[in-house]
Each structure stands twice: as C-alpha cells, then as structure tokens.
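Visitor: Pasting the sequence and the predicted coordinates here, then a few questions.
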Amino acid sequence: MKIVFSELEEWEKSIVKDRLLGNELVFIDKPLREEDIEQYMDADIISIFVDSKINRSMISRMPNLKFIATRSTGYDHIDLEACKEYGIVVSNVPRYGENTVAEHAFALLLAIAKNLLQSIRKVEHGEFNPKGLRGIDLKGKTLGVIGTGNIGKNMIRIAKGFGMNVIAYDIHPDLEAASTMGYKYVEFEELLRNSDIISIHVPLLESTRHMINKQNLNLLKRGVIIINTARGGVIDTEALLIGLDKGIISAAGLDVLEGEQEIKEEPQLLKEGFRKKIDYKLLAMDYMLIHHPRVIVTPHNAFNTAEALQRILFTTIDNIKSFIEGRPINRVI
C-alpha cells in the first residue's frame, strides 16, 4: 500500500521504515494541506497529526484512500461524515497519554498556584525577594474534573495525592472508579458552582463545544482557576476573557486555544498574503490570552514526552498493520 505520513521526526521515520516493510512510504515534514493534496491523490493510507485538517474536499480528491490513522486521541480534525460516505476507516491512539497529559495539566496548576513564572522572572531581573508572589495551597481545595476518561482519572489520582477534594462531571459516570478513588459525580452546573479549580478532559464534539460560555459564566465560583489541556473550543474564548476581566476567573492554564491553528500557521499565512479565511476576532482574543498576566499558555505540548511519542508511534503502526491485515483496531468509524 502507498502510505503517506505527515510530521514525523527522523527517529520515527526509521522505525516506520523498519516495521512497515513492503509498503510504499512517503514522508511529509509539514501538515497535510489541501493545496498539496494533488501530490498524494493515490495514497491508500494517510497517517496524520492534529495540524492536518482532513476535510470533505480533500477526501473526495483521494480516490484510493481507504484508511486514516491519526496519531492522536482526538479526531475533530477529520471530517468523519465524509469518511463514512466514502467508506474510509479511521483509527486513533486512545491511550497514549493518560498520565502524560494529566501531568502537564497539573504542572500548569502548580505554576499558577505557586506563582512560578513570576518568581523566576523576578529573580532573573535581580529581585531576590518574595514580595507579590504569595500563592495558594492546593490541599483542601475542590477540583472539578470535566471528563473522567483515562486522562481525567489520572488528574484525579494526582489531585488526591495533594489532599484535594474532587468532584466530577461526565455523561457516562464511572461510579465504581468514583467509589474506589474517592471522588463524587455531580451535575455540570453544580461542578461550576463548587469548584475552586476546573480541569477539562473531554473531546471536542458539538455537545462539548463552548461548555464554558457567557451564559454559564456567572455560575462559576468567584476566583476559580481554569485548566484546559483538551481542546480550545471547549471554552468560549470571549467568555474566558470576560471572566478574567471581571475577576470571576482568577487565572487560567491553557495548553490549547480555540484559534491555535492560525497562530501556528502565521508565518505561512504571511508568506501567502493571508489568502486563507481567518477569524481575526478570535485570533486577536487568543493573543490577548497569550499576553494576559494571569494566564499561562503552552503550545499544545501536553502530549510531548519521549515515552508518549513512542506509545503513539507503535500504536499507529499496529493500527496500520491491523488494517492491512483486514482486522482494523482502535476504530473511530
């Protein structure tokens, strides 16, 4: 089969070449873009990451395409309805980063609670004193976890180790885990009202888009800290900025932004003369968050550990091999 891989590092390419012998392998060092699709129209399989947005137009122009192996847990960057219509199987990597992403989420929380970035900057500027750097204890605080899949449960385990109280919301509550791990499921609005910290661990679906929004902003406990390592679109960016401005939200730690793709592509957009349609209001709000004194933003980096990347790659190779053998695994559709 002709298999096109986008955005692999050199060490990953070596492993792929060794483990997928007998197939025609093509490597692209950048995301797979619609304007480049003509070069890969005859691909049987594509393996992509979240920066490759696979839409209906691209799918319709790849007549040989049978399988998409995304090297991510989320799959909102793929038009699943179009894949269904064209008979294309899609698989993901469901369990690569349950501890990895949770650790990053908690790192963001600790950085906020202990004023770590401000402390480092102050010392770098020659001020070796703690004035203005008073933080908060996490012990005894209530953490509200939205989404209790593998990552959410790992976030809960870490929080319990810090002596935190944990409440959770999930459309499919795991009552056995709640009993074993010592947390409680509540309704969504109750979680908003009672959480000192909210950490989000849900996929981006139509049902989860803008879960936190201008309509429920005033339900939040005043002074809440928001942590988001899931998808930017789960939070209404304008509502987040309003909450920060009004003091409803005291701080935010974000590994994802609602318009992050435009930020990543900015050098390319400049080169191309901004021919792509851009939501300039959202882009401006993202930059406001990036430069906000009470917000920490990391560049969609929560997945990025040596161990997690190995798990992603080996699972992806297994997904591809299994599909070729006629027994697809980790299917999304």
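Guide: Yep, it's here.
Visitor: you'd agree Ile249 is up against Ile227?
Guide: No: contact between Ile249 and Ile227 fails when scored by CB atoms under 8 Å: they sit 11.1 Å apart. Where you see a C-beta, it was placed from the backbone N, CA and C, and this is true even at glycine.
Visitor: Now for those two: what residues contact both?
Guide: Counting by CB atoms under 8 Å, 6 or more residues apart in numbering, Ile249 and Ile227 have no common neighbour.
Visitor: What distance do you get for Lys141 to Met155?
Guide: 14 Å (CB to CB, to the nearest Å).
Visitor: the more surrounded of these two?
Guide: Neighbour totals were compared for Lys141 and Met155, and Met155 leads with 29 against 19 (other CB atoms under 10 Å).
Visitor: how far does stretch 111-126 stretch from start to finish?
Guide: Terminal residues of stretch 111-126 lie 20 Å apart, using CA to CA, to the nearest Å.
Visitor: Show residues contacting it.
Guide: Contacts for stretch 111-126 (CB under 8 Å, 6+ apart): 110, 128-130, 132-138, 225, 251-253, 296.
Visitor: Only the buried residues of that stretch, if you could.
Guide: 111-115, 119, 122 (16 or more other CB atoms under 10 Å).
Visitor: okay, these in TSV with pLDDT, secondary structure and distance to Ala102 next?
Guide: Output for the buried residues of stretch 111-126, formatted as TSV (pLDDT from 0 to 100; DSSP: H, G, I helix; E, B strand; the rest coil; distance: CB to CB, whole Å):
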residue	pLDDT	secondary structure	distance to Ala102
Ala111	98	helix	15
Ile112	98	helix	16
Ala113	98	helix	16
Lys114	98	coil	18
Asn115	98	coil	22
Ser119	98	helix	24
Lys122	97	helix	29
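Visitor: Now do the strands in the stretch 51-200 of the chain.
Guide: With strands called from DSSP state E, counting those that start in this stretch, the stretch 51-200 of the chain shows them at 67-70, 89-91, 142-146, 165-169, 184-185, 197-200.
Visitor: Let me know which of those is tucked in deepest.
Guide: Highest mean neighbour count among the strands of the stretch 51-200 of the chain (mean count of other CB atoms under 10 Å): strand 197-200, with a mean of 26.
Visitor: next SSE after it?
Guide: Helices and strands here follow DSSP states H and E; after strand 197-200, the next one along the chain is strand 224-228.
Visitor: Can you tell me which helices and strands that next one packs against?
Guide: In terms of contacts (3 or more CB pairs under 8 Å, 6 or more residues apart in numbering; DSSP states H and E), strand 224-228 is packed against helix 98-113, strand 197-200, strand 249-254.
Visitor: of all those, which lies closest to Lys214?
Guide: Lys214 lies closest, by CB to CB, to one member of the helices and strands packed on strand 224-228: strand 249-254, at 12.6 Å.
Visitor: mind saving the C-alpha coords of that closest one as PDB?
Guide: C-alpha atoms of strand 249-254 as PDB (Å, rounded to 0.1, in the frame of the first residue of the first chain):
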ATOM      1  CA  ILE A 249     -11.800  33.600  36.900                       C
ATOM      2  CA  SER A 250      -8.600  34.300  38.800                       C
ATOM      3  CA  ALA A 251      -6.200  32.500  36.400                       C
ATOM      4  CA  ALA A 252      -6.100  30.100  33.600                       C
ATOM      5  CA  GLY A 253      -3.600  27.500  32.400                       C
ATOM      6  CA  LEU A 254      -4.100  26.600  28.800                       C
END
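Visitor: Determine the angle, from 0 to 180 degrees, between the longest helix that the chain contains and helix 98-113.
Guide: As assigned by DSSP state H, the longest helix anywhere in the chain is helix 306-324. Angle of helix 306-324 versus helix 98-113, following axes from the mean of the first three to the mean of the last three CA atoms, to 10 degrees, is 150 degrees.
Visitor: Pro203 is in contact with Leu80, isn't it?
Guide: No: Pro203 lies out of contact with Leu80 (CB under 8 Å); the separation is 11.9 Å.
Visitor: re the thing from before, mean pLDDT and distance to Leu282 added to the strands of the stretch 51-200 of the chain, as JSON lines?
Guide: Shown next, in JSON lines, are these (pLDDT from 0 to 100; distance: least, CB to CB, whole Å):
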{"stretch": "strand 67-70", "mean pLDDT": "98", "distance to Leu282": "24"}
{"stretch": "strand 89-91", "mean pLDDT": "98", "distance to Leu282": "27"}
{"stretch": "strand 142-146", "mean pLDDT": "99", "distance to Leu282": "22"}
{"stretch": "strand 165-169", "mean pLDDT": "99", "distance to Leu282": "26"}
{"stretch": "strand 184-185", "mean pLDDT": "98", "distance to Leu282": "33"}
{"stretch": "strand 197-200", "mean pLDDT": "99", "distance to Leu282": "18"}
